[in-house]
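Colleague: give me the fold of what follows.
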Amino acid sequence: MGAGPDSLLPEGAQTVIDQLAAIPGSRLVAAGIVLLVGYYLSGVVVKLVGRPVARRFRRPSVTRTVLRSIRTGVFVLAVLIALAVAGLRMGDIVISVTVFSAVLGLILAPIIGSIISGLFVLADRPYEIGDLIELTDVGRRGFVEDITLRYTKVFTLENTFLVLPNSSIRERDVINYSAEDERTRLSLPMVVTYESDLDRAREIMESAARETPEVIDGGPEIRIGSARYPAEPTCYIDEFGDHGIGLSLRFWVKTPYYLPRVRSKVQSRVWDAMEAADVEIAYPHAHLMFDETSGRLGVDLDEADDVAGVE
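Modeller: Here you go, the predicted structure:
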């Protein structure tokens, strides 16, 4: 077979291939070698361009996507060369790729939709690799382990993996605890009795949060958009309720990774300090009052004994 106008290889290389083609099965062996070399070279190329790509994009998710695309492109080129080595002409390859792409497009339409959604996820940047996120519809929290064009992999706090198609990610509410500023504000409601020392109760709650190492105990005001919030723990009076005075302790946690643990520590300190200071935490209860306006109930003792089975 001579070098034709549709050959993928230079004339000299094609001549060498024609000479080796006389050996039975040599073309398939050569094609296999080309694939192996292409797979190896794809990894080498990724290593060579990895650092420049990472410096250029500065986002792990985009960097991984670009490097995966480069590796896939190098390997696809190796596949085309292997097909040429195996004896397929350029026209045959184009027809095969066209037919295969059409069939693949019909069968894998959902995956293609996920890939398109993955491009939007990378462009919109709702989260990044390493961020702590929460899926509000299922109440699961975890760290983003990987973002591809098809799916997002989340490593949950329960030591499990969630693999979420990017198409579904775009349709649900996602809370990102690690976006730009990791500081997270928590609120702790508490109700104390009307007989308690209100100022002392507020002081106890603020001190309990301030003495917890994971809580920001002071400093410049924290800016969220155009709003400003005090950095130190602050206890507010919410309401004068039916069973007591409602208080709300608001405090900022340095990192969002152990919110339940920090909240539990603060509550334990509040409980111990209020018990020592004789500040009573209110709970719902009812008092039954009977007076002259409550009415009278007449009871026949003999009839009552018969009903009770007393002789």
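Colleague: isn't L249 right up against E232?
Modeller: No. Using CB atoms under 8 Å, L249 is not in contact with E232; the gap is 11.3 Å. Any C-beta I mention is one placed from the backbone N, CA and C, and that applies to glycine too.
Colleague: residues shared between the contacts of the two?
Modeller: Counting by CB atoms under 8 Å, 6 or more residues apart in numbering, the shared contacts of L249 and E232 are E206.
Colleague: which one of these two is surrounded by more residues?
Modeller: The residue with more neighbours, out of L249 and E232, is L249; 22 against 16, by other CB atoms under 10 Å.
Colleague: so for that one, what pLDDT did the model give?
Modeller: With respect to pLDDT, L249 scores 94.
Colleague: next: V310.
Modeller: 50.
Colleague: and L88, by the same measure?
Modeller: We have a pLDDT of 64 for L88.
Colleague: same thing with S268?
Modeller: So S268 comes in at 93 (pLDDT).
Colleague: what helices or strands is the strand or helix carrying it leaning on?
Modeller: Taking DSSP states H and E as the criterion, S268 maps to helix 259-276. When contacts are defined as 3 or more CB pairs under 8 Å, 6 or more residues apart in numbering; DSSP states H and E, helix 259-276 sits against strand 184-192, helix 198-210, strand 245-253.
Colleague: who are the packing partners of the first one?
Modeller: Under the contact criterion of 3+ CB pairs under 8 Å, 6+ apart, the helices and strands touching strand 184-192 comprise helix 198-210, strand 245-253, helix 259-276.
Colleague: what's the closest of those to T72?
Modeller: Smallest distance to T72 across the helices and strands packed on strand 184-192 (CB to CB): 39.6 Å, for helix 259-276.
Colleague: list the contacts of that closest one.
Modeller: Against helix 259-276 from outside (CB under 8 Å, 6+ apart): 184, 186, 188, 190, 192, 201, 204-205, 207-209, 211-212, 214-215, 249, 251, 253, 280-281.
Colleague: now, of those residues, which are buried?
Modeller: Buried residues within those, defined by neighbour count using 16 or more other CB atoms under 10 Å: 184, 186, 188, 190, 192, 201, 204-205, 207-209, 212, 214-215, 249, 251, 253, 280.
Colleague: so what's the residue nearest to V49 when sequence neighbours are not counted up against?
Modeller: Excluding the flanking residues, the one nearest V49 by CB to CB, 6 or more residues apart in numbering is I70, at 6.4 Å. Taking CB under 8 Å, 6+ apart, we find I70 in contact with S42, V45, V46, V49, V53.
Colleague: can you lay out those residues as JSON lines showing distance to E221 and pLDDT?
Modeller: Listed next are the contacts of I70 as JSON lines, based on distance: CB to CB, whole Å; pLDDT from 0 to 100:
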{"residue": "S42", "distance to E221": "52", "pLDDT": "76"}
{"residue": "V45", "distance to E221": "50", "pLDDT": "77"}
{"residue": "V46", "distance to E221": "46", "pLDDT": "74"}
{"residue": "V49", "distance to E221": "44", "pLDDT": "73"}
{"residue": "V53", "distance to E221": "39", "pLDDT": "69"}
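Colleague: pull the most distant pair out of those residues.
Modeller: S42 and V53 (14.3 Å).
Colleague: L35: what's it in contact with?
Modeller: Shown in contact with L35 (CB under 8 Å, 6+ apart): A78, V79, A82.
Colleague: go again with 6 Å.
Modeller: A78, A82 (CB atoms under 6 Å, 6 or more residues apart in numbering).
Colleague: and the strands in the stretch 1-150 of the chain, which stretches?
Modeller: Using DSSP state E, counting those that start in this stretch, the strands of the stretch 1-150 of the chain run over 132-135, 140-147.
Colleague: closest one to S168 among those strands?
Modeller: Taking CB to CB, strand 132-135 is the member of the strands of the stretch 1-150 of the chain nearest to S168, at 9.8 Å.
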